[in-house]
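Undergrad: please find the sequence and the predicted model below.
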Amino acid sequence: MGKYLSLAFNIPLDRTFTYSLPEGEDRKGGAPLIGCRAEAPFGRKKLTGWILDETDTPPEDLEADKIKPLLRIVDSEPLFDAPFKELALWLADFYLCSPGEALGAMLPGGRREKELPAMGSEDDPGIHAAVTLTGDQDRAVGRILREEGPFFYLKGPTGSGKTEVFLQCAEGVIREGKSVIYLVPEIALTHQMVDALRQRFKGSMALLHSHLTPSQRLTEWNRIRRGEALFVLGARSAVFAPLDKLGLIILDEEHEGSYKAGSTPRYHARQVAMYRCRREKARLIMGSATPSLEAWHSMEEGAIVPVNLTERVGGGVFPRIRLIDMRRESQLFSDDLIREIVRVTGEGDQVILFLNRRGFSYNYSCRSCGYELVCRNCSIPMTYHKEKGGMVCHYCGYRTPPPAACPDCGSLDAGFSGFGTEQVEEEMARLFPHLKTARLDRDSTTKKGEGKRVIEQFRRGEFQVLLGTQMVAKGLNFPRVKLVGIVLADTTLNMPDFRSPERTFALITQVSGRAGRYSSGGEVLIQTYRPEADALALAAAYDQESFYVRERENRRLISFPPANRLYRLVFRSRKEEEARKACERAAGMLEHAGEKDLLGPSECPLAVVANNHRWHLIIRTEEFSRTHDRIVWCRDHIDLPSSVYMEIDVDPQSIM
């Protein structure tokens, strides 16, 4: 009697497919096939899928002689077990995708194992071995390891020693014979941490992140699955690491938007971590100097246990923060910022300049006819990159030479406005030719290892000024930095998204935390055209509580999270009319099903991306499960033309 296998493919069809097992593919001793990958014919193509079930009889609705045989089994041993399969099915159900799409996000894709590159050893004794804890830190570790939990939030200002608390909790859990997942929002610039943790968790650490090749990820995955690694460090997808006896998940910088996936399945690592910790009776420690509004609300409601750190370790004093009203200034740098750069560098200390916009200028317009140059594929203004000698779309990558005159009316009274990091770098060279400035953004770090090199040179004092985008805002500790200048704080604040104030507050607080971490006298200057905005004024005043209270009330007035939950349905097509009609059809179906609180149908704020017209529908709800069922019904019954693609986003982090 033959075997029949149920396969899930990474395609948007919410079902599995049955194949027969060819002779000769069966395992010796009846070793399990569930959890292995298999190659199978699918229409005119060959697809690789995951084996979810095996039986000795075909399904009742299929005739045995019409079931196609597999082509081959890919893996010599399973990549996952029954609990992992349950996690995948939960992910598919919660985030409204197919089991194959869920598994595609959760599992490595390499065909064969490959050695990891050797890692150098960095001199970072603060992570190499446990250090003496402050009273605050000691109490935090004791409380987390002693109390039942299961969810804790380590709150503390930048420089208060949250990392050491995380690591000592991890060591305590490992001593109990359990395992740990440590999630960070971005691993590209945490090379120091990676190297140091390899030393601290000798031989028992594994690394999972997108900078590894698929085969290297497969190597690490199998080490974890075999129990050779008890401590897993990684970005978002490491939350799925197949650890046995999971005891702790750490979610560092919980507020970061990169924990939310941008493609199907659009999962949030925080939600997955909560589910795993509940199911596997493990602890979850989240941490940040700027908790997300949802996390802060959950602490207020008692669903998450707050654990507070109040002081900077290493003797640092919180910097003085000043707002500079740029409406009174006539140049890119205010007089105050110029004066402070001169003073701080003259005393032998260092400066960080932050601007959350790369390129040289981000807007080309004509003063005669009002023309604005936007990408031919997207409804996005193009950014001028002087180094590349052209205009670049930051969404689809389209490039074109800068126009010599207005393309619409031919006027010469047209040109660039706004500024990015390239222009700030040029202005630094003009104003301070004697100072060495390094730029750290996505454009300047295209070469492998370039970001690491710049950071190490700045740490050694080879540059006096480090200029950059969000790369300089996160997790970097430089003892000699005495001044942080936020060149323009309004770029995030002006985004048409309900989380813009929250993101701005977090970014200002995080960037400000780079100053004066090991000494007194640190200063932060925030240049802005909107000094009265709550996100800026309250960040400058270190008044986190007032910001959260006000922002939560603002959200309550519009019935947005954390007051309600959101779903977002996006319909995209190269034909605008079809995207609009599909969105209207979904709205009608959901209204008929009983959903009353719909926003839209309307064009997305980013109406066209990569030649796709985008319409969306936002559903606000206090009855999450009931709305979830209605959206499943809509998804399964809506009749969409092949030219329209529907994206479903549960708990969206952005509505752009």
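TA: Yep, it's here.
Undergrad: residues touching the residue nearest to Val74 when sequence neighbours are not counted, list them.
TA: Of all residues beyond its chain neighbours, the one nearest Val74 is Arg37 (3.9 Å), with distances taken as Cβ to Cβ, 6 or more residues apart in numbering. For glycine as for every other residue, the C-beta is placed from the backbone atoms N, C-alpha and C. Counting by Cβ atoms under 8 Å, 6 or more residues apart in numbering, Arg37 makes contact with 48-51, 73-75, 79.
Undergrad: what do you get if the cut-off is 6 Å, keeping everything else the same?
TA: If you count contacts by Cβ atoms under 6 Å, 6 or more residues apart in numbering, Arg37 has them with 48, 50, 74-75.
Undergrad: among the residues you listed, which are located in strands?
TA: With strands identified by DSSP state E, the entries of those that belong to them are 48, 50.
Undergrad: which of the contacts of Arg37 sits closest to Ser411?
TA: Taking Cβ to Cβ as the measure, Ser411 lies nearest Thr48 of the contacts of Arg37, at 56.3 Å.
Undergrad: for the closest one, give me its contacts.
TA: Thr48 makes contacts with 37, 39, as judged by Cβ under 6 Å, 6+ apart.
Undergrad: which parts of the stretch 51-200 of the chain are strands?
TA: With DSSP state E, counting those that start in this stretch, the ranges of strands along the stretch 51-200 of the chain come out as 72-73, 151-155, 179-183.
Undergrad: would you turn these into a markdown table with distance to Arg198 and mean pLDDT?
TA: Putting the strands of the stretch 51-200 of the chain into a markdown table (distance: least, Cβ to Cβ, whole Å; pLDDT from 0 to 100) gives the following:
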| stretch | distance to Arg198 | mean pLDDT |
| --- | --- | --- |
| strand 72-73 | 34 | 92 |
| strand 151-155 | 23 | 97 |
| strand 179-183 | 13 | 97 |
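Undergrad: look up how far Ile174 lies from the closest residue to Ser179 other than its chain neighbours.
TA: Distances taken as Cβ to Cβ, 6+ apart put Leu243 closest to Ser179, at 4.1 Å, once the chain neighbours are dropped. Distance of Leu243 to Ile174, computed by Cβ to Cβ, to the nearest Å: 11 Å.
Undergrad: these two: which has the busier surroundings?
TA: A side-by-side neighbour count of Leu243 and Ile174, using other Cβ atoms under 10 Å, places Leu243 first with 24 against 17.
Undergrad: would that one count as being in a strand?
TA: No. Counting by DSSP: H, G, I helix; E, B strand; the rest coil, Leu243 falls outside a strand, being coil.
Undergrad: so what pLDDT did it get?
TA: Model confidence at Leu243, expressed as pLDDT, equals 96.
Undergrad: do Pro531 as well
TA: For Pro531, the pLDDT comes out at 94.
Undergrad: what of Gly370?
TA: With respect to pLDDT, Gly370 has a value of 89.
Undergrad: tally of neighbours for it?
TA: Per other Cβ under 10 Å, the neighbour tally for Gly370 reads 10.
Undergrad: so that it lines up with my notes, have the first residue be 30 from now on.
TA: All set: I'll call the first residue 30, so the last point we hit is now Gly399.
Undergrad: if I look at it, how far off is Asn406?
TA: Between Gly399 and Asn406 the computed distance is 22 Å (Cβ to Cβ).
Undergrad: burial of the closest residue to Leu441 other than its chain neighbours, as a residue count?
TA: Leaving aside its chain neighbours, Leu441 sits nearest to Ala434 (5.3 Å; criterion: Cβ to Cβ, 6+ apart). A count of nearby residues for Ala434, using other Cβ under 10 Å, gives 12.
Undergrad: on the three-state scheme, Ala434 is what?
TA: coil.
Undergrad: do the same with Ala615
TA: Reduced to three states by three-state DSSP, Ala615 is helix.
Undergrad: would you indicate which residues of the helix or strand containing Glu323 are buried?
TA: According to DSSP states H and E, Glu323 maps onto helix 322-330. Neighbour counts over helix 322-330 (16 or more other Cβ atoms under 10 Å) mark 322-328 as buried.
Undergrad: how far off centre is the helix or strand following that helix?
TA: Elements were assigned by DSSP H and E; along the chain past helix 322-330, the next helix or strand is strand 334-337. Using Cα atoms, centre = their mean, to the nearest Å, we find the averaged C-alpha position of strand 334-337 to lie 24 Å away from the chain's own average C-alpha position.
Undergrad: run me through the strand neighbours of the following helix or strand past strand 334-337, direction for each.
TA: The first helix or strand that comes after strand 334-337 along the chain, using DSSP H and E, is strand 349-354. Sheet pairing for strand 349-354, assigned by DSSP bridges, gives strand 552-557 (parallel).
Undergrad: average model confidence for the partner strand?
TA: Summarised as a single mean, pLDDT over strand 552-557 is 95.
Undergrad: how about stretch 417-431?
TA: The average of the pLDDT scores along stretch 417-431 is 89.
Undergrad: now do the buried residues in it.
TA: Using 16+ other Cβ under 10 Å as the test for burial, stretch 417-431 gives 420-425, 427, 431.
Undergrad: do me a favour and get the end-to-end distance for it?
TA: End-to-end distance for stretch 417-431, by Cα to Cα, to the nearest Å: 11 Å.
Undergrad: and for that stretch, what are the contacting residues?
TA: Counting by Cβ under 6 Å, 6+ apart, residues outside stretch 417-431 touching it are 404, 406-407, 409, 411-414, 638-639.
Undergrad: neighbours around the spatially closest residue to Leu237 that is not a sequence neighbour, how many?
TA: Once its chain neighbours are removed from consideration, Leu237 has its nearest residue in Gly263; the separation is 3.6 Å (Cβ to Cβ, 6+ apart). Number of residues near Gly263 (other Cβ under 10 Å) recorded here: 24.
Undergrad: can you check Thr47 too?
TA: Here the count is done by other Cβ under 10 Å, and Thr47 has 18 residues near it.
Undergrad: likewise for Val638?
TA: Neighbourhood size, Val638 [other Cβ under 10 Å]: 19.
Undergrad: now Ile96
TA: For Ile96, the number of neighbouring residues by other Cβ under 10 Å comes to 16.
Undergrad: for the residue nearest to it when sequence neighbours are not counted, give me phi and psi.
TA: Nearest non-adjacent residue to Ile96, counting by Cβ to Cβ, 6+ apart: Ser49, 4.9 Å away. Geometry field for Ser49 lists phi and psi as phi -100, psi 160, criterion degrees, to the nearest 10.
Undergrad: check contacts around Ser49.
TA: Counting by Cβ under 6 Å, 6+ apart, Ser49 makes contact with 31, 33, 96, 98.
Undergrad: do Cys395 as well
TA: Here Cys395 is in contact with 435, 440, 443 (criterion: Cβ under 6 Å, 6+ apart).
Undergrad: do that again at 8 Å, thanks
TA: 401, 435, 437-438, 440, 442-443.
Undergrad: now do Glu479
TA: Contact analysis of Glu479 by Cβ under 8 Å, 6+ apart lists Ser473.
Undergrad: closest to Glu582 out of the contacts of Cys395?
TA: Of all the contacts of Cys395, the one with the least separation from Glu582 (Cβ to Cβ) is Glu401, at 36.0 Å.
Undergrad: and the closest one, how far from Asn392?
TA: Between Glu401 and Asn392 the distance, using Cβ to Cβ, works out to 7 Å.
Undergrad: from the centroid of this structure, which residue is nearest?
TA: With distances taken as Cα atoms, centre = their mean, the chain has Ser287 as the residue nearest its mean C-alpha position (0.6 Å).
Undergrad: isn't that one right next to Ile216, touching?
TA: No. Counting by Cβ atoms under 8 Å, Ser287 sits too far from Ile216 to count as a contact (10.3 Å).
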